[in-house]
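Student: Provided below are the primary sequence and the corresponding predicted coordinates.
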Amino acid sequence: MTNPAGNAKASTAVEPALTPTADLYDERGDELASVALQFGNFGGRDAFSGPVRTIRCFQDNGLVKSVLNSPGHGAVLVVDGGGSLETALMGDMIAAAAVANGWSGVIINGAVRDRTALAQLPLGVKALGSNPRKSAKESSGETNVPVEIGGVVFRPGAMVHADLDGILVDAGPGR
Ligand SMILES: O=C([O-])CC(=O)C(=O)O
């Protein structure tokens, strides 16, 4: 499939219609936390949403690989890689596993690689940048902990809404 800009993109035929983040913000205002930190969009799905799951790690993607190889049930994996651009925390193999396992998207405070292949996958992928250098695989880090990215806290279970405009987090009642 070719989009109007002439770039090959993954099919959007099966994507549910999501409310644009700007419209959500206009409806809900500051009930939604907006991430001002600027992420790039690397996946074949520009708009995605789902409940948050988290990983905190640093230049080691062993946990990212194992979590995205387990069922996602439509969740969005938020990876706080400390903002490091020194190594890639996800490439096309892990991203393909995420698609196969039903994840909606992955938001990485760090780098990805295999950008050409990532752009073909029906997965939302936001990251700070890219680097062909791979990460360690020792699985150091933590899962399902609150992570703070760009001043916004992502708690496991909170709903996240992402599109080309940015990222909104809805912590829900009792936040
Ligand atoms: O194995 C890695 O570190 C990430 C990667 O390249 C892939 O997912 O294809």
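Tutor: Done, it's in. None of the values given here were measured: they were computed from a predicted structure.

Student: closest residue of the protein to the ligand?
Tutor: Minimum separation of the chain from the ligand (C-beta to the nearest ligand atom) falls at Gly91, amounting to 2.5 Å. Backbone N, C-alpha and C define where each C-beta goes, glycine included.

Student: quick one: contacts for that residue?
Tutor: Contacts for Gly91 (C-beta atoms under 8 Å, 6 or more residues apart in numbering) come out as Val112, Arg113, Asp114, Ala117, Leu118, Lys134.

Student: now with 6 Å?
Tutor: Gly91 makes contact with Arg113, Asp114 under the criterion C-beta atoms under 6 Å, 6 or more residues apart in numbering.

Student: next: the one 10 residues further on.
Tutor: With C-beta under 6 Å, 6+ apart as the criterion, the residues that contact Asn101 are Pro71, Gly72.

Student: and the end-to-end length of stretch 32-52?
Tutor: 14 Å (C-alpha to C-alpha, to the nearest Å).

Student: stretch 39-48 now?
Tutor: Using C-alpha to C-alpha, the end-to-end distance of stretch 39-48 comes out at 14 Å.

Student: stretch 58-78 too?
Tutor: Distance between the two ends of stretch 58-78: 13 Å, counting by C-alpha to C-alpha.

Student: all numbers from here: first residue = 48
Tutor: Okay, using 48 as the starting number, the last item reads as stretch 105-125.

Student: identify the residues contacting that stretch?
Tutor: Taking C-beta under 6 Å, 6+ apart as the rule, stretch 105-125 contacts 97-102, 104, 126, 129, 131, 133-134, 136-137, 141, 144-145, 148-154, 182-188, 190, 201, 207.

Student: where does it sit relative to the chain's centre, distance-wise?
Tutor: On the basis of C-alpha atoms, centre = their mean, to the nearest Å, stretch 105-125 sits 10 Å off its chain's mean C-alpha point.

Student: what comes up buried for that stretch?
Tutor: Applying a neighbour-count criterion of 16 or more other C-beta atoms under 10 Å, the buried positions in stretch 105-125 are 105-112, 114-115, 119, 122-125.
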